[in-house]
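Undergrad: how does the following fold in three dimensions:
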Amino acid sequence: MLLALTRRLRTINPSIKTPTFTFSLLHSTLSHSLSFDLDPPLKPLTKPQLKTLLFSHYNNGKFSNLLQNVVALPSVLFTASHNLTHPTRSSQLTLDSVSTRFDLNQLAQELSSNEFDVGSCCVKLGSSQNKGKSLVLPNLKLKVVIEALRMVLDLIYDGGFPTFVYGGREGLGRHTAIRYMKNSVENPNWWFTVAFDRVVFYSRHVGKGLPQECGLCGVLINVYLNGFDKEIQRIRLRMNEQNPKFDDDSVNDGVVYKPLKVYAVRYLDEVLLITSGSKVVAMDLLNWVVKHLEGELELKVDRLRTVIHTAVSEKIDFLGMEFRAVTPSILRPPLSEKAKRARLKFRRQKEARLMEMKNARERNRKMLGMKIFSHVFNKLNKSNNRFKFDYQIENEVREIFSSWADEVVQEFLESVEERWSWHRELTAGDFLSLKRIGISYHKSSLMPMISFKRNERTVEDLTKLCMKVTAPIELVRKAVRLAGFTNEMGRPRPISLLAALEDSDIIKWYAGVGRRWLEYFCCCRNFEMVKTVVSYHLRFSCLLTLAEKHDATKAETIRHFSKDLKVFHLDGNEEVYFPSEREVKRTGDGHLSDPKPVDSALTLNLIRLAYDVPSSTCAAHFCDSNDTISYQVSLLQNCSNINPADQKKWVPEMAAIHDSLDRRCFALCADHISDLYLGKITLQDIDCTSFVEVD
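TA: Predicted coordinates:
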């Protein structure tokens, strides 16, 4: 995919606000002398510093010699190495840690002189079962160069992408795209997704945490499709100009106006287009999209899967979730009678508690006041002056309240005549005839207000459509059965393969899968069903696996580990990795972030070797730990003997790790193997070319 996009980028010149940039500028043959003075300690560059350095080589609307002047700088390469390190350990990265892998100075010299050999930095991995194609992976040295290129391209192009472009951009992930669709898309009538042929993109699964992916892929896809995004943006603006949105006051009562709208959402290579109008508009848009992608960008569109669906009666799959247009009453249904009684009971209990607290405060004040008064009375009684005062406190209080009353009256009544008129009407007893009081009285009437709300809800349900997002619960259940969490009857069962792991590693593996599912589907409407899968099926499958390992009963295992699956260390401390029942209940869409990849956690398992092998450095990026343990990769598709291409047996849209990594052994330290089990890092954070040869 990277080579295909690179070939296309040689001819594309997107018209964006930021300066134009093509890949031909990266391979300049101009000589340039660099000063590699590494005496001062290198520090990673901040984003403003890197941007200043980048735009210092911008002249006459173009960048020049970026490979030699920017990418080849040791400080930029060190910043790229810093980005590849886990955030919790990136502050510990030093030049010595980088030098144990490769010479940073030599790499900078090779890049500046165009002598960098890409082929020597790639490792070809054959299939473990002699089936399928081999996999070519970059080593850590090439990963640093790729990350440096990603940083440069991201700074140049990120400000020029349209607002509906997500993925490969900081702070714009899956959940951000879903939030936009839920809050901004109104009255969708027709929609379609664009399905690309795998010949060009090789695989539609981009951003899944697989070892053959890198951060540069997302940036290149955004750059490659930037011209297409600009054309879609022009179409949207033209539709808005031709169909303006009127205010509610300018539209006559009883008339509902729905302007024609075109919405677009693109997450990397997944494209969703939505129209609110007739089907003819959606068909014209579909024909234009297919023609532009195949003609201008030379992409192959799968026309059998790129079809129009009605948004009301047909759901559509996008970003691994299901979308459907529904009325507001479905998203916010009216309360049942039981729920109303429960809410009324809760309010009464809350009012009672507030009244008790108020009475307690008043009682405490009264007791404290009586104590103070008694103390002052005793002091005055014992003094010589006794109770001699020169003024009357009643007059002072009367004057204060009189001034307050005058201020309130003057604030609401402008003239003296109006005050006198108000006073006469109040004293006469006909207070309901007052204008302000009459309005307040009518507003306090409940029956007209309730009927108005019911009518408003009925009209809204008939005229407005909202976006409903649900998790594909059938696919989740299929993934649960495929991984072996449940049996054919849907009951939790142990996974015998995991019995070879340590107790803490078993719990961490289950915790990694459960937490990723909770993070990924927390924005869905049926999130409670996903919570049930995590809190019941995964939790009890873990308990049954531990019980099978120790040849114990489920009750004995629960008594030892508890339902929260607590891990007891040798020092007596306990730690909880699996989300507790209370934590699962609190999980929701309050704090959405770009979820980490899910597939690599479910389809990957690491088995500790039973015999010792020569110790080596940890395979994680720039980890200097030599206290490592060798683990063997075990892939789900090979253990289950299922071909991922078989959609009937495999879960659709769930990517699989390449077969060439099966049975490979990697040396990992205790911290990184824990992070890999828990899902804090993926195979992208490990140098997969540094596998250990085991006989």
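Undergrad: tell me which stretches of the stretch 451-600 of the chain form strands.
TA: Along the stretch 451-600 of the chain, counting by DSSP state E, counting those that start in this stretch, strands occupy 466-470, 566-568, 574-576.
Undergrad: of all the ones you listed, which lies closest to Ala645?
TA: Distances from Ala645 to each of the strands of the stretch 451-600 of the chain were compared using Cβ to Cβ; the shortest belongs to strand 466-470, at 26.8 Å. Where you see a C-beta, it was placed from the backbone N, CA and C, and this is true even at glycine.
Undergrad: centre of the chain to the closest one, how far?
TA: Averaging C-alpha positions (Cα atoms, centre = their mean, to the nearest Å) puts strand 466-470 17 Å from its chain's average.
Undergrad: who does it pair up with?
TA: strand 321-326 (antiparallel) (DSSP bridges).
Undergrad: now what about the partner strand, what contacts it?
TA: With Cβ atoms under 8 Å, 6 or more residues apart in numbering as the test, strand 321-326 has contacts from 178, 181, 187-189, 191, 311-312, 314-317, 465-472, 521, 524.
Undergrad: quick one: name whatever helix or strand follows it.
TA: helix 328-331 (DSSP states H and E).
Undergrad: which elements pack onto that next one?
TA: Contacting helix 328-331 under the criterion 3 or more Cβ pairs under 8 Å, 6 or more residues apart in numbering; DSSP states H and E are the following elements: helix 446-463, strand 466-470.
Undergrad: hey, least reliable of the ones you listed by pLDDT?
TA: Taking each of the helices and strands packed on helix 328-331 in turn, the one with the lowest mean pLDDT is helix 446-463, at a mean of 52.
Undergrad: between its first and last residues, how far does stretch 107-122 reach?
TA: As for stretch 107-122, its first-to-last residue distance stands at 15 Å under the measure Cα to Cα, to the nearest Å.
Undergrad: distance from that stretch to the middle of the chain?
TA: A distance of 36 Å separates the C-alpha centroid of stretch 107-122 from that of its chain, computed with Cα atoms, centre = their mean.
Undergrad: could you give the average pLDDT over that stretch?
TA: 88.
Undergrad: what is the neighbour count of Val152?
TA: Here the neighbour count serves as a burial measure; for Val152 (other Cβ atoms under 10 Å) it reads 23.
Undergrad: I'd like to know which elements the helix or strand harbouring it is packed against.
TA: Mapping Val152 onto the secondary structure by DSSP H and E places it in helix 140-157. With contacts defined as 3+ Cβ pairs under 8 Å, 6+ apart, helix 140-157 has these neighbours: helix 47-55, helix 74-84, helix 104-112, helix 215-224.
Undergrad: next helix or strand past that helix?
TA: For helix 140-157, the following helix or strand on the C-terminal side (DSSP H and E) is strand 165-166.
Undergrad: how about the helices in the stretch 201-350 of the chain?
TA: 215-224, 226-242, 279-295, 328-331, 337-382 (DSSP state H, counting those that start in this stretch).
Undergrad: what's the most buried one of those helices?
TA: For the helices of the stretch 201-350 of the chain, the largest average neighbour count (mean count of other Cβ atoms under 10 Å) is found in helix 215-224, namely a mean of 22.
Undergrad: between that one and helix 140-157, how many degrees?
TA: Using axes from the mean of the first three to the mean of the last three Cα atoms, to 10 degrees, one finds that helix 215-224 and helix 140-157 are set 30 degrees apart in direction.
Undergrad: which strands or helices does helix 215-224 pack on?
TA: Contact partners of helix 215-224 among helices and strands, from 3+ Cβ pairs under 8 Å, 6+ apart: helix 2-9, helix 140-157.
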